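[1] Would you be able to build a 3D model of this:
(chains A and B)
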2 protein chains.
Amino acid sequence: MPDKNEIVSGSDFRMSYQTFYKRIGQLANSLKTKGIIENMRVGVMDWDTHRYLECFFAIPMMGATLQTINVRLSAAQVLYTINHGGPDVIIVHEDFMPLVEEIKSNFNRDITLIPIGNGEGYEDWISESSSTYDFSDFDENKTATLFYTTGTTGNPKGVSYSHRQLVLHTLGLVAGFSTYSGDVGLHRDDVYMPLTPLFHVHGWGFPYAATMLGVHQVYPGRYTPETILQLISNEGVTFSHCVPTIMSMILDGPNCSQTDLSKWKVIIGGAALPSSLQECAKSEGISLHAAYGMSETCPFLSVADLHSDDPKVQAQSGFAGPLVDLRVVSPDMEDVPHDGESTGEVVVRAPWLTKGYLKNAEASDALWAGGYLHTGDVGFLRQDGSLQITDRLKDVIKTGGEWISSLSLENIASSSCNHIEAVAAIGRPDEKWGERPVLVVQVSPESDQKEVQKNIIDEFQSCLEKGEISKWAIPNDIIFVEKIPKTSVGKINKKVVREDFLKNLDLKS
Amino acid sequence: MPDKNEIVSGSDFRMSYQTFYKRIGQLANSLKTKGIIENMRVGVMDWDTHRYLECFFAIPMMGATLQTINVRLSAAQVLYTINHGGPDVIIVHEDFMPLVEEIKSNFNRDITLIPIGNGEGYEDWISESSSTYDFSDFDENKTATLFYTTGTTGNPKGVSYSHRQLVLHTLGLVAGFSTYSGDVGLHRDDVYMPLTPLFHVHGWGFPYAATMLGVHQVYPGRYTPETILQLISNEGVTFSHCVPTIMSMILDGPNCSQTDLSKWKVIIGGAALPSSLQECAKSEGISLHAAYGMSETCPFLSVADLHSDDPKVQAQSGFAGPLVDLRVVSPDMEDVPHDGESTGEVVVRAPWLTKGYLKNAEASDALWAGGYLHTGDVGFLRQDGSLQITDRLKDVIKTGGEWISSLSLENIASSSCNHIEAVAAIGRPDEKWGERPVLVVQVSPESDQKEVQKNIIDEFQSCLEKGEISKWAIPNDIIFVEKIPKTSVGKINKKVVREDFLKNLDLKS
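    Below you'll find the model as predicted:
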């Protein structure tokens, strides 16, 4: 159908959907000459380009598994994911060749490397092949994709999805995001640009949905605020998705104020949507809505009401998508009341959730304990059925039989003044209460710690007076540190924060 | 999500989605008390009401099969479908009780009848039951629904669908009809009213899609122009679907001109969309678009570009839906060129096509010959991928190695003057050419046959001069009859037309 809609990659590549289909055949034939047949694995290390999108289709369509390698991990972790996933071939963009050179002597199997450049390398390679490939039928439960998820503990874990799951997730995503009237969500005449790396849960699955709908698509290559803003402007991008950090990066970009962003709709996931970011985006005319999911859930689970322009509603984890059976349960798997305040763990079923971690039966069993996938997130359901995530289960502070959301304490502290660069609320072991909350704060170098401390205490006092928190939720201590440790994807690494804190406690005692 | 959206039935029943869910549990428990358990069959004979929608869900969710009985068939055919389908229980609206009384002594098994009235009967029955029913999981390939399709030959054939197929069809329907921006298609804030009987391919599957999207739904009960127009007006109906005959009936309704229909979007299927109907609808502000499918395809296969307001484009069979592999092939299953004129049979694959006819291996094998479902329709594909159906395969007139669309001849004849009530183009056996086209015409009583004949001949001559048809496609004879026979669903019964014609030929020779 989309005669005029194209797939654009960076500033110098564009193709029709007809050409795209032919190139999928060419890529498949090119991989065949490298010995790739059904059931083999092909790793990809590339920026977010048309090449990656071609890999999204050609490799699974051959019956092979696409392993999307997270190039942001440390060299040791990349090596681990390659040795654990076991690709037969890796397509490597030249920018990641130094990384591969560093680790390849430690590969635990023979791997054919296919080096590609920004243009010629890949183009020369696939141009030699016929565009006609006889993609055969096979079992829908065959593994289509594999990638690794990194938590704060242990080695990365392999998450895989079948063809059946990708198709159902694509349909579910469209039913969840494309069925609103008016100018919200992703429709056939939108211009789509992913801003979640394609190695991360297939760019949240939107490239598959955008392709099914035949929309005009734009791939930004390596993320820089300049390129992204220029592509938004040149191609008229109207729909994207990203984590808050990327949105902040763009809003802080040098050309941001000169670019018209008033037609841009962005889905925010991966972390809570901060109200400061909402305000900043709103001043540029950007429409932000939160969505919720995780690597193990393909990832779509829920999305805020896209019709709403109330910032509070827009920031909600929202309503479970079609075919998603989402519950909030107590530790013994009983539903908590849907009263907008009773919290529990979010557990889910849907036909597109990963069936388990690759070669890790123990973690897989824990993930699916009791027949539901355990998200490890804590939240509550409102009467209208909308979900609010309040914390990670392992970050919840358990005091006197009650759960305190570490996230809510961090939000209160953050809003107390402008000098706080990062804040982590953690539980300090306490004989009487089990745990008591403590704030670990990183402030800007020029700021006055005493003043910041006073601001934080005042803010908690004010929240207490307004009835927004309970007295027992007020942190016992505020500790200032030079730098709060973060994970490879820029999230606060609470595990390390806790370890450092406990170490210091030991030293003191 | 839809807190305020309701499910409305006729002028005196409305409920919330929350109530709807509870009533599904009540109906399931009520059926359980009638002995219904997994794998049994429940027949339904009712108008298009909320009760039917409750049956759409409760019966399959119990693991039983919902048999939607076509109440418009002759008593003998209804009896045949009941004896062939074998329901254990039939829920019968009082209006169909006389029909059941007439045939029930010939039932070939014990069937429990559950008589219901417009209100009390059903309400009293289900109100006695708990709304909590433990719907258990089962194989997605379990049969969910069964109904009978009537051709012009032989007995009705049983078509069934599994849970998996209904879910995929629902998602495919939404991806095909709900992903346009602007005010076209079915969105979450539409008001939906089916105008295809619910016994006919689950009301084309839209009740399932509307329920998934949580839209405001309106069920019209027994179809009368008055009720339909009143409901459109009172409830603000914006989206419906029907065959051309129903649309004509509404446009001819007494209150039509007083009702604002300018927000009404209607999908036309089941037969070609006549340009006269398009014009008439347009003058009322109704937006009509064609879609294509059949009983054996659940039914969605393709839909016209919903964004277009060009009547020619709106009347096209349109673009194949997501997950629909649609081909136009020669008798040896080779693709014909996509040039907008080469015709062939339309064959399809999609995950929601029926796997075969109940207890009829021969017809099932023919349906799926060569691994594709044979629609029995003839058409062509344009370069842009859009489909045009030109005829039924069995109605095509084969002359001198060429195929003439009987439908195109009928359209030319119809447009020649206003006195033609019905027209059928059929093939007369011919020694030299194989077949030659003949027109069988039914005119209004007051009209002059000679004048009509002259108009038809002139119209064909004009089409010939404009290059719209070939010389050999001009009918050899025009035959006037008092009444052209029709099928139970109001389509011209070409088989009988042909038989009658050949009988007369025999009498003459």
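
[2] residue ranges of the helices in the stretch 201-350 of chain A, please?
    Taking DSSP state H, counting those that start in this stretch as the criterion, the stretch 201-350 of chain A carries its helices at A:201-204, A:206-213, A:225-235, A:244-251, A:275-283, A:311-314.

[3] Tabulate those helices (a markdown table), appending distance to B:Asn29.
    Quick note: C-beta positions are derived from backbone N, CA and C, even for glycine. Shown next, in a markdown table, are those (distance: least, CB to CB, whole Å):
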| stretch | distance to B:Asn29 |
| --- | --- |
| helix A:201-204 | 41 |
| helix A:206-213 | 39 |
| helix A:225-235 | 55 |
| helix A:244-251 | 48 |
| helix A:275-283 | 47 |
| helix A:311-314 | 37 |
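
[4] Let me know which of these is tucked in deepest.
    Looking across those with neighbours counted as mean count of other CB atoms under 10 Å in any protein chain shown, the highest average goes to helix A:201-204: a mean of 25.

[5] I'd like the average pLDDT over it.
    Average pLDDT, helix A:201-204: 97.

[6] cool, and stretch A:443-459?
    Regarding stretch A:443-459, the rounded mean pLDDT is 92.

[7] List the buried residues of that stretch.
    Using 16 or more other CB atoms under 10 Å in any protein chain shown as the test for burial, stretch A:443-459 gives A:443, A:447, A:452-453, A:455-456, A:459.

[8] Determine which two of these are furthest apart.
    A:Ser447 and A:Glu459 (15.4 Å; CB to CB).

[9] re the thing from before, helices - which of the buried residues of stretch A:443-459 land there?
    Filtering the buried residues of stretch A:443-459 for membership in helices, criterion DSSP state H, returns A:452-453, A:455-456, A:459.

[10] Nearest to chain B, out of the residues you listed: which one, please.
    A:Glu459 (34.2 Å; CB to the nearest CB).

[11] That closest one is in contact with A:Ile420, isn't it?
    No - under the criterion of CB atoms under 8 Å, A:Glu459 is not in contact with A:Ile420, lying 10.6 Å apart.

[12] Give me the common contacts of these two.
    A:Ala413 (CB atoms under 8 Å, 6 or more residues apart in numbering or on different chains).

[13] re earlier: make CSV out of the buried residues of stretch A:443-459 and add distance to chain B.
    As requested, the buried residues of stretch A:443-459 are exported to CSV (distance: CB to the nearest CB, whole Å):
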residue, distance to chain B
A:Val443, 42
A:Ser447, 44
A:Val452, 42
A:Gln453, 43
A:Asn455, 39
A:Ile456, 38
A:Glu459, 34
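
[14] Just put the residues you listed in JSON lines and tack on distance to B:Tyr133.
    What follows is the buried residues of stretch A:443-459, written out as JSON lines (distance: CB to CB, whole Å):
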{"residue": "A:Val443", "distance to B:Tyr133": "57"}
{"residue": "A:Ser447", "distance to B:Tyr133": "61"}
{"residue": "A:Val452", "distance to B:Tyr133": "57"}
{"residue": "A:Gln453", "distance to B:Tyr133": "57"}
{"residue": "A:Asn455", "distance to B:Tyr133": "55"}
{"residue": "A:Ile456", "distance to B:Tyr133": "52"}
{"residue": "A:Glu459", "distance to B:Tyr133": "50"}
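
[15] Quick check: the residue of the stretch 251-400 of chain A nearest chain B.
    In the stretch 251-400 of chain A, the residue that lies nearest chain B is A:Phe319 (5.0 Å; CB to the nearest CB).

[16] What is the burial count for that residue?
    Neighbour count of A:Phe319, defined by other CB atoms under 10 Å in any protein chain shown: 23.

[17] So what pairs up with it in the strands?
    A:Val303 (DSSP bridges).

[18] Quickly list the domain ranges of chain A.
    Segmentation of chain A into domains, based on automatic domain parsing, reads A:6-381, A:396-508.

[19] mean pLDDT for those domains: which is lowest?
    Taking the mean pLDDT of those, domain A:396-508 comes last: a mean of 88.

[20] ok, now how distant is the residue of the stretch 251-400 of chain A closest to chain B from A:Cys242?
    Distance from A:Phe319 to A:Cys242, counting by CB to CB, to the nearest Å: 21 Å.

[21] Stretch A:230-246 spans what distance, first to last residue?
    16 Å (CA to CA, to the nearest Å).

[22] again with stretch A:222-240
    Stretch A:222-240: ends 15 Å apart by CA to CA.

[23] Relative to the whole chain's centre, how far out is it?
    Distance, stretch centre to chain centre, for stretch A:222-240: 19 Å (CA atoms, centre = their mean, to the nearest Å).
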